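Colleague: Next comes the sequence, and after it the predicted model I'd like to discuss.
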Amino acid sequence: MKFLLIQGANMEYLGTRQPELYGTTTAKELNSIVRRRARDLGIELEILYTNTEGEAVSAIYKGDRQGVDGVLFNPAGFLYAGHALRDCLRSIRAPAIEIHMTNIEKRGYSSITAEAVVGFIAGFGVDSYVLALEAMVSVLNSSSARSPS
């Protein structure tokens, strides 16, 4: 299985930006945690950090053309205005799971992209990413089990 993880605007500053909300785990440390779990699950994982919504859209379409099995993403700063990202997610073959480190609903935010995903994981800090990896494996295994051979 091959997954694409997109980290949206401001995520490259994890560990520095608002540690009271996002903790002190850096982007580099998060990458190591997520890559380690992906490896344990037999997943090939590509990670992209971008502050530009168009770059995220292009990466997702490229992944779709290359046959990526699942898309994981934290829209971060694209949360409330990511219409192009939402439309992109509606267009691809692979399922997508949205990830947030904080409980965005508790913070008064709603996600514009949530309607285009199979699932939404929020509020578990760094563990949100590990849970998303495991959830995507479950989604894909369930789909495979239902598909005729």
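Modeller: The structure has been received and is ready for your questions.

Colleague: Can you give me the distance of residue 6 to residue 65?
Modeller: Taking C-beta to C-beta, to the nearest Å as the measure, residue 6 falls 15 Å from residue 65. Using the backbone N, CA and C atoms, a C-beta is placed for each residue, glycine as well.

Colleague: Comparing these two, which residue is more hemmed in?
Modeller: residue 6 (26 against 10; other C-beta atoms under 10 Å).

Colleague: Skipping its backbone neighbours, what lies nearest that one in space?
Modeller: Nearest non-adjacent residue to residue 6, counting by C-beta to C-beta, 6 or more residues apart in numbering: residue 73, 4.0 Å away.

Colleague: Any stretches of this structure with poor pLDDT?
Modeller: 144-149 (pLDDT under 70).

Colleague: same thing but at 80, please
Modeller: 80, 143-149 (pLDDT under 80).

Colleague: where along it do the helices fall?
Modeller: 19-22, 27-40, 53-65, 83-91, 127-146 (DSSP state H).

Colleague: Nearest approach to residue 110 belongs to which of the ones you listed?
Modeller: Nearest to residue 110, of all the helices of the chain, is helix 83-91, at 12.2 Å by C-beta to C-beta.
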